[in-house]
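Visitor: using only what follows, build the 3D model:
(chains A, B and C)
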Amino acid sequence: MERHGLLSYLVGFVLAVVLSAIPFYLVATHALPPSRIMYVIAAAAVLQILVHLRFFLHLNFTTTPKENLLAIAFTAVLLFLMVGGSLWIIVDLHSRMAL
Amino acid sequence: MFGKLTIEALPLYSAIAATGALVTVGGGFIVFVVVTWLKAWKYLWTEWLTSVDHKRIGVMYIVLALIMLMRGFVDAIMMRAQQAMALNNGGYLPPEHFDQIFSSHGTIMIIFMAMPFMTGLMNIAVPLQIGTRDVAFPFLNSLSLWLTSAGAALVMVSLVIGKFSTAGWTGYPPYSGIEANPGVGVDYWIWALLISGVGSTLSGINFIVTILKRRAPGMGLMRMTPFTWTALCASVLMAFAFPALTVACGLLALDRLLGMHFFTNELGGNMMNYPNLFWIWGHPEVYILILPAFGVFSEVVSTFSRKRLFGYESLVYATAAIAILSFTVWLHHFFTMGSSANVNAFFGVTTMIIAVPTGVKVFNWLLTMYRGRITFHPSMLWTVGFIVTFVIGGMTGVLLAMPPADFLMHNTTFLVAHFHNMIIPGVLFGYLAGYMYWFPKAFGFKMNEPWGTAAFWFWMIGFYLAFMPLYVLGFMGMPRRMEQYNDPTWQPWLIAASMGAVLILIGIACLVIQLAVSIRDRRKLVDVTGDPYDGRTLEWATSSPPPPYNFAVLPEVRDREPLVDMKERGVVYQPPRAYEDIEIPKNSAAGVVLGGLAFVLGFAMVWQIWWLVILCGVAMWVTLVLRASDDESEFILSAAEVERIEVARYRALRNQNGRRR
Amino acid sequence: MNANVTAMPSDHEPESDIHEQRALGFWLYLMGDAVIFGLLFMTYGIMVGNTAGGPSGKTLFSLNNAALETVLLLVSSTTFGFASLASKAGSRSAVLSWLLLTFVLGAGFVFLEIREFSGMIGAGAGPDRSGFLSAFFTLVGTHGTHVSVGLIWILIMSGQVLFKGLTVPVVSRLFRLGLFWHFLDIAWVGIFSVVYLPGLL
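Guide: Residues are numbered from 1 along each chain as shown, chains lettered A, B, ... in the order given. Sure thing, here's the model as predicted:
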C-alpha cells in the first residue's frame, strides 16, 4: 500500500514538472507564435490540474466517495456557468458600451 | 485611537434618528434588566448561548428572525407613511434618512429575517426528520448562528453609532464607492454581509453533509421528506452561491479601504462587474429562501389533508431543477444595463424556464389537497393563501422576464410589487406556517389557533392592499425608492398601500399576542404525545421537545412516510430491548465568543480602529485553533440515564388516552 | 439518484464515519473556495487590459521568479504527500520531518511573493495604481494568503503530532490539511497559466 502511494506522488511530480516546464520554456524562448503558445499553456494547465487531482488528491472513480465526485463535478459546471457567463456578459458589454 | 469614531457619530442630528437609537438601546437595556431580575444569566449561558444542540440553535435563529422582522417592518411602515404623504412636499423623512431606511429594510428582511428564519426551521426539523441525533458539525452550527447574529448586531448598532448605508440592499458602485460615499454606512453594510455570509456558507456545508451522510438506516434519498429535500437543495445553493457575495463585497471593501480600482470610474475600474458578481449570488439567494418554504408547504399540505403528498418524485426533480437553473438567470436583474439582444434573450429564456418547475409544484400541492380530509390549522391557511397569491407574483415575474417588457418596468414599483409578491406569500407565509407547525415539537405545547388565524387574515388582506397598488403605480411610471413625488394621481394608491401596511401591523400584533397567549395557556395546550396532528414523518415520533439525543435508538425506515408505516405496523412508541450509552457534544463557548469577536471586528473595520481589528483577529484565530484542537468535545450520556428519560416518556404516553397502539 | 442506504448497525458512530463527514465538509469548503478563485480569475481576465496608462505584466513580471515559485510549491506538494504516507505508516518522526520540509518550501514561496509585491509597490505599481493591478494583487494575494494560513496550520499540526502523536483525530486533520495544500498547488497552476505566462508573452 505504501509503495503504491509513493509511486503515485512520484509519477505525479514528474508529470507536473513536465507539464509546467513546457509552457514556461515556450514563453521563455518564444518558440511558437503567441496564440499557439496560449493554447499550449491552456492545455498543459488543464492536464496538470487533472494530474494533481489524480496523483496527489487520489481522486478516482472507485475509492473516492460519490458525494465528493458529485461535488467537484457540480463545481465544474458552476464555474463554467459563472465564469463563462460573466465573460460573455462583460465582453458583450465592452463591445456595445465600451465598458 | 478610535479611528474615525467621534462623538458626532451619535444620531443627535434628527429627532427620528435619535428615537430609533433610544428604542434600540432601550430595548437592549430592558432585555438586560429582565434577564438580571430573573437571575437567568447562568441558565441563558449554559442552556442556550453555549448550546450546540440543533433544536436550541434553531429556536435562537427564529428568535433573531422574529425580532428582525419587527425592525424591518418598522422600516416598511415608515416608508409607506412617507410615500403616502409626500406629494409635492418633503414628508417627514429627509432623503438621506429615507435612503437609509429602504437600504436597511431590504438588508434586514432578506439577510437577517428570512435567512435566519429558514436556517432555524431547518435546524429544528431536518435532523429529526432524517432520524439522526444532530447535524454533522454541531459546533459549526453554533458558530453560524453567532456569526449571523454579529451581522445583525452591526446593522442594529448603526442605528445608534453612525449611519447605515444609503446605497440600497444591493450596494451598487460607484455610488457605494469611497468617493461618493465616504461615510461609514456602506461599510456597516459590507461587514454585516461578509460576516453573516460566512455563517450561511458554513450552514450550507453543514446541512449538505448532515443530509447526505447521517440519515437513519433505510432512508434512501427518495424516502426523505420533501422539506429535507428542499433543505438539501437550499444548502447546496448556500455553499456555492455565497462565495460570489464574498467576492462582490470583498472587492468593494478593497476599493473603499485600500483605494483599489475594481469598480471605480477612473484608473481602470469595471463597474458592471459588480452587478454581475452581486447577482450571481443574489439570484440563487432568493431560491435559497423560497425552496425550504416550498418544503414546508409540502409537509403542511400533506399533514392537514391527511393524505400522501401527490407526485413526490416530480417534486424532487422540480426542486433540483430549480436549484441548478437558479445559476443561469442572474442577468435578468440588469437587463437594462446595456447588454446586447442575444445576451438579454438568453437570460430571459432561462428566467421563463425556471418558472415551470414551480408550476409543477403548485399542481402537486393542489392535487394533494384534492379528495383529502382538510383541517384549516393556521399553517394550512398560510399554505392556501400562498398558493393563491404567489401564483400572481410568479406571473408578473414571467412578464418581467421578457427584456422588452422589463425595459419599461425595471426599477418601478411594479418590480417592488413583484418581488414582495414572491417573498411575502412565498417565503414569509411559508416560514410562519413552519413556525406554527413545528412550534409544539420545539416547546412541548401547541400554539393558540384563533390568534394564528387572525394573524393570517390580517397579513393576507394587508398584503393585497399594500402591494397591488404598487403594480398599478408601476404601470403609471412611478420609480422605486422615491422619497417624494409630484404626480397627484399616485397618491391615492400610496395611501391605500399604507392602509395595507397598517393591516399587516395588526397581523404582526396578532403574532405577538398568539405567542404570549400560547405561553400563558401552555398547560392547557400541552402536547403530551409529541404527535399533535397525527403526523406522517419521523419528527412526530419523538417527544415534544425531544430529548437531547433525539432518538434513543435510531429508527429503521421502510417507507417514505415512516410514521404512517410504523403506525400501520403497530410498532410506533415501542420501547427498545436495551439501551446504549450515547455520545453527546458538549456545550461550547467558542461559538458565541467568536460571534462577539466578529461583531467587534466588524465594528472596528467600519470605524478603522486598526489596533482593535488586529486584536480581534488574533483573538478569533486563537479561539478557533483551540476549539479545533479539542479532542474531548463530547460526553457520554449513560444508558441508564437514557433509559430513565425514555421510561418517563412511555409512562406519559400510557397515561394519555390517545392513539398509542 | 439511487437509494443511498447508510447502514449503521449499532448506535455508536464509528470514527471512520466521522472522518468521512469531516472530509466531505472540508471538501465542500474547498469547492466554495474554488468558486471564489474562479470569480477572481474571471475578474482578472476582464481587467488585465485596464492598465490605465500604468505598467502591464510585461514590464512587471519575472519569469524566473514565477518558475522558482512554481518549483517550490510543486516540491512542497510532493513532500506533503510523503508526510501523508508517513502518517499512514504511523511514523511520527518522518511525519514531522516532511512537514518541516513542506513548511520551509512554502515559506520560501511566500517570501518570494512578498518580495515581488513590495518591489512592485515600491516602483509605484501597487494595487491602487490601476484596475489591472488591483485584480493582480487580489488574485495572487488571495492565493498567497491561503498559503500563509496553510503554513500556520502546518505549524499547528506539527505541534499536535509532536504532543499528541498520530491519533485518529490528528491523522484526520492532517488529511484535511493535505487536501488544502494540494488544492493550493492546483490554484497556483491556474495563476501561472492565466497571469504570469500570458502576461510575459
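
Visitor: name the nearest residue to residue 26, sequence neighbours excluded.
Guide: Reading this off chain A. A:Ile37 (4.8 Å; C-beta to C-beta, 6 or more residues apart in numbering or on different chains). No exception for glycine: its C-beta is placed from N, CA and C like everyone else's.

Visitor: try chain C instead
Guide: Spatial nearest neighbour of C:Phe26, excluding adjacent residues (C-beta to C-beta, 6+ apart): C:Arg176 at 4.5 Å.

Visitor: which SSE is that neighbour in?
Guide: helix C:168-191 (DSSP states H and E).

Visitor: which helices and strands sit right next to that helix?
Guide: The contact analysis (3 or more C-beta pairs under 8 Å, 6 or more residues apart in numbering or on different chains; DSSP states H and E) places helix C:168-191 against helix A:34-51, helix C:15-47, helix C:63-89, helix C:131-164.

Visitor: can you read off the pLDDT for the residue nearest to A:Leu26?
Guide: Note for A:Ile37: predicted pLDDT of 97.

Visitor: please apply the same query to B:Thr319.
Guide: 97.

Visitor: is chain A contacted by stretch B:176-193?
Guide: No: against chain A, stretch B:176-193 shows no contacts by C-beta under 8 Å from any C-beta of the partner chain, the least distance being 15.7 Å.

Visitor: any part of that stretch near chain C?
Guide: No: using C-beta under 8 Å from any C-beta, stretch B:176-193 never reaches chain C; the gap is at least 11.2 Å.

Visitor: where in chain A is pLDDT low?
Guide: The model of chain A has pLDDT under 70 over residues A:1-4, A:99.

Visitor: residue of chain A nearest chain B, please.
Guide: Chain B sits closest to A:Met97 of chain A, with a gap of 4.3 Å, by C-beta to the nearest C-beta.

Visitor: how many residues are close by that residue?
Guide: A:Met97: 12 surrounding residues under other C-beta atoms under 10 Å in any protein chain shown.

Visitor: which parts of chain A are helices?
Guide: A:2-29, A:34-51, A:66-79, A:85-97 (DSSP state H).

Visitor: what is the end-to-end distance of stretch C:37-57?
Guide: From the first residue to the last, stretch C:37-57 extends over 20 Å; the measure is C-alpha to C-alpha, to the nearest Å.

Visitor: quick one: distance of that stretch to the chain centre.
Guide: Chain-centre distance of stretch C:37-57: 21 Å, with C-alpha atoms, centre = their mean, to the nearest Å.

Visitor: distance of the most centrally placed residue in chain A from C:Gly81?
Guide: By C-alpha atoms, centre = their mean, chain A has its centre lying nearest to A:Val46, at 2.7 Å. According to C-beta to C-beta, to the nearest Å, A:Val46 and C:Gly81 sit 21 Å apart.

Visitor: ok, the nearest residue to B:Ser104 once chain neighbours are set aside - contacts?
Guide: Nearest residue to B:Ser104, sequence neighbours excluded (C-beta to C-beta, 6+ apart): B:Phe164, at 4.9 Å. Neighbour list for B:Phe164: B:Gln100, B:Ser103, B:Ser104, B:Val155, B:Ser158, B:Gly185, B:Tyr188, B:Trp189 [criterion: C-beta atoms under 8 Å, 6 or more residues apart in numbering or on different chains].

Visitor: now do the SS call for B:Phe164.
Guide: coil (DSSP: H, G, I helix; E, B strand; the rest coil).
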